[in-house]
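Visitor: Okay, here's the prediction I keep looking at, along with the sequence it came from:
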Amino acid sequence: MFPAIVGVAAASFMAMAEKGHLSTWKSWWTSLTQPAATRASGDRMKLKLLDQVNYVRIAAKHHPVKIDPELQDLLEAYQKTEIPENLDEVVDQVQNSIPRYYRVTVSSASRPSPTDLIHEFASFAQKTESEMTHFGFVVVPSSGGLSQRGLIVVGQRLDDFSPEILQSSQTDAFFNTCNHCGHPHICRVSNKQRSMTLACPSCTKTYAVVAADTHGRFRYVNEFLSGYKPPALFPKDQSRIQKLFTIWSAVHAHCTYKLDPETKRTQLDAWQTAVETQNIQAGDCEDSAIFLADWLGAEGFQVRVALGKYGDMGGHAWCVVRLDGSDYLLESTEGRPDMNNPPLAEFIGSRYVPEALFDRKAIYARSKPNGVWTGDYWSAKIWLQVEPRNASQAGKTAANSKRTRFISLNSKETYRLFMEPERMAIAKAPAPALAPFADLNEIPQGSKWEKTIEDRFGMPQP
Ligand SMILES: [Zn+2]
């Protein structure tokens, strides 16, 4: 029988070669030598290897890895081509196709029998890192079908960044796509930090500002504005500017400046909502700015909270209001509201340099983060609007991986950790968390809320 089969095979080969169908012959030969049973045995090997890897991981108290269908699709394409000899190519392909792979480990081996092949990966299974999350495996025939070549990939596939995932995550690495330019990248932030800004490593623009609330939950900072309107009666026939001063004075009078826990401030700082600040009648600069902006916004004022620097004093938060063509720069914690000396930004604004703004709807990032500050709080050219929950879909571009740090373990294994700057978000604590504001002796303390603001504050009448 055997010679006859060779004869048939040779005849078929001749026929197809004549028509220039070498590749067809190759796939025919592959299907003859690797029938459906091999695919099934490939699946069995995959599950055995997964067990082998997870057995070690569970013993070491690491999370088990799971099969990633997206990675699996990518690897199974090698059944039609070939597994590259240089495993760095595999890593490149994984990372370029699925940029959310942060750590990638690859190993490959060839053995005639599936049992030997699984055994060959035993040492690899011993050393997968605790951070790894996903797994993929493919086996293809090699040496003309006499042997099988297996390729195993174990990697850390990152979740998309969100305040909620930051809250619950065991890891400090996340995936993000820049809302401005679509650049896919990794951000490393710790949920031990209480507030942070994230900026794109490619365009350097801020795309998120996140802070922890008093329950330890993370939120985008614009979500601290809830449209809260304290129960208050305003004097009848007040002008808009008088109403502005009434609300400003009320926040001022009822918000005692209080630092969050003194030491390690950046780590323990919790941001308060307007309701919380009203209830405890205390807060630091961002708490009172949120209270003031929320109330003003609820009363129909065009208002934004600014996070940035005040002169040499460092980080600060304040409010900016546009009314009748003028910009007012409102300090919620310092000084004293004075109708006769309105805080026009054009006169007092030079020492205030905002880095990010927010209102209830959005965060506003500077279009030129390192450009000269011109004093314009409203221009859409200067302030790019980011609605953090509406992530950009622009970002399908593969990241440049030229400066990848990688360690080649040996010819059949390779490992990479993507730490190069263009892939890492710029994460820092936002300015208000860095430095307190001083000179706050003027603020009255211990007063209670009243229903009628008019009586308590004796607002100037026109
Ligand atoms: Zn960007």
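Guide: Thanks, I have the structure now. Keep in mind that what you see is a predicted model, and the values were worked out from it rather than measured.

Visitor: pLDDT at Phe358, what is it?
Guide: pLDDT for Phe358: 97.

Visitor: Look up how far Thr206 lies from it.
Guide: As judged by CB to CB, to the nearest Å, Phe358 and Thr206 stand 11 Å apart. In short, each C-beta sits where N, CA and C put it, glycine included.

Visitor: shaky segments in the stretch 351-462 of the chain?
Guide: 391-412, 416-462 (pLDDT under 70).

Visitor: So which residues on it come close to the ion?
Guide: Contact residues, the stretch 351-462 of the chain versus the ion (CB under 5 Å from the ion): none.

Visitor: chain center to stretch 76-83, what's the gap?
Guide: With CA atoms, centre = their mean, to the nearest Å as the basis, stretch 76-83 stands 33 Å off its chain's centre.

Visitor: Same check on stretch 91-105?
Guide: On CA atoms, centre = their mean, the centre of stretch 91-105 falls 18 Å from the chain's centre.

Visitor: about what we covered before: which neighbours do Phe358 and Thr206 have in common?
Guide: With CB atoms under 8 Å, 6 or more residues apart in numbering applied, the contact sets of Phe358 and Thr206 do not overlap.

Visitor: which residues make contact with stretch 338-358 from outside it?
Guide: Contacts for stretch 338-358 (CB under 8 Å, 6+ apart): 197, 206, 209, 221-222, 225, 241-242, 245, 304-311, 316, 318, 320, 326-331, 363-366, 369, 373, 375, 377, 383, 430-431, 459-460.

Visitor: And it, what's buried?
Guide: Within stretch 338-358, the residues scored as buried using 16 or more other CB atoms under 10 Å are 342-343, 345, 349, 352-358.

Visitor: Leaving out sequence neighbours, find the closest residue to Tyr249.
Guide: Rather than Tyr, residue 249 is Ser. Sequence neighbours aside, Pro337 is the residue nearest to Ser249 in space, at 4.6 Å (criterion: CB to CB, 6 or more residues apart in numbering).

Visitor: hang on, the one you found packs against Phe245?
Guide: Yes. Between Pro337 and Phe245 there is a contact under CB atoms under 8 Å: 5.5 Å.

Visitor: Pull out the buried positions in the longest helix anywhere in the chain.
Guide: In the chain, assigned by DSSP state H, the helix with the most residues is helix 36-59. Going by neighbour count (16+ other CB under 10 Å), the buried part of helix 36-59 is 38, 42, 45-46, 48-50, 52-54, 56-57.

Visitor: got CSV for those residues, with pLDDT too?
Guide: Formatted as CSV, these follow (pLDDT from 0 to 100):
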residue, pLDDT
Thr38, 62
Gly42, 86
Met45, 93
Lys46, 94
Lys48, 94
Leu49, 95
Leu50, 96
Gln52, 94
Val53, 95
Asn54, 96
Val56, 95
Arg57, 96
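
Visitor: would a markdown table of the residues you listed with distance to Thr414 be doable?
Guide: Output for the buried residues of helix 36-59, formatted as a markdown table (distance: CB to CB, whole Å):
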| residue | distance to Thr414 |
| --- | --- |
| Thr38 | 26 |
| Gly42 | 22 |
| Met45 | 21 |
| Lys46 | 20 |
| Lys48 | 23 |
| Leu49 | 17 |
| Leu50 | 20 |
| Gln52 | 19 |
| Val53 | 17 |
| Asn54 | 22 |
| Val56 | 20 |
| Arg57 | 20 |
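
Visitor: on contacts alone, who are the packing partners of the longest helix of the chain?
Guide: strand 66-67, helix 114-120, helix 122-125, strand 134-142, strand 147-157 (3 or more CB pairs under 8 Å, 6 or more residues apart in numbering; DSSP states H and E).

Visitor: nearest to Glu276, of these?
Guide: Glu276 sits nearest to strand 147-157 of all the helices and strands packed on helix 36-59, at 37.2 Å, using CB to CB.

Visitor: Which strands border the closest one, and is each parallel or antiparallel?
Guide: Here strand 147-157 has these sheet partners by DSSP bridges: strand 101-111 (antiparallel), strand 134-142 (antiparallel).

Visitor: Check for me that Gly308 belongs to a strand.
Guide: Yes. Counting by DSSP: H, G, I helix; E, B strand; the rest coil, one finds Gly308 located in a strand.

Visitor: Name the residues linked to it by a beta bridge.
Guide: Beta-bridge partners for Gly308, by DSSP bridges, are His316, Pro354.

Visitor: returning to that earlier point: out of the strands paired with strand 147-157, which comes closest to Asp237?
Guide: Closest among the strands paired with strand 147-157, using CB to CB: strand 101-111, at 61.5 Å.

Visitor: roughly how far apart are Ala199 and the ion?
Guide: 8 Å (CB to the ion, to the nearest Å).

Visitor: how about the residues of the protein that lie near the ion?
Guide: So the chain meets the ion at 178, 180-181, 183, 200, 202-203 (CB under 5 Å from the ion).

Visitor: next structured bit after the helix or strand harbouring Val251?
Guide: Secondary structure assigned from DSSP states H and E places Val251 in helix 240-254. Once the chain leaves helix 240-254, the next helix or strand it forms, by DSSP H and E, is strand 256-257.

Visitor: on that earlier part again, now, among the buried residues of stretch 338-358, which is nearest to Cys187?
Guide: Nearest to Cys187 among these, with distances taken as CB to CB, is Ala356, at 16.0 Å.

Visitor: Doesn't the closest one belong to a helix?
Guide: No. Secondary structure of Ala356 (three-state DSSP): strand, not part of a helix.

Visitor: Nearest residue to it in space, please, no chain neighbours.
Guide: Going by CB to CB, 6+ apart, Ala356 has Leu307 as its nearest residue, at 4.9 Å.

Visitor: Verify the contact between the one you found and Gly314 for me.
Guide: No. Using CB under 8 Å as the test, Leu307 is too far from Gly314 to be in contact (11.9 Å).

Visitor: pLDDT below threshold where in the stretch 151-300 of the chain?
Guide: Flagging of the stretch 151-300 of the chain using pLDDT under 70 yields the residue ranges 258-268.

Visitor: same thing but at 90, please
Guide: For the stretch 151-300 of the chain, the stretches with pLDDT under 90 are 165-173, 176-179, 182-197, 199-202, 204, 215-216, 229-238, 246, 249-270, 277-286.

Visitor: the strands in it, which residues?
Guide: Under the criterion DSSP state E, counting those that start in this stretch, strands of the stretch 151-300 of the chain are mapped to 173-177, 184-188, 195-199, 206-212, 218-220, 256-257, 282-283.
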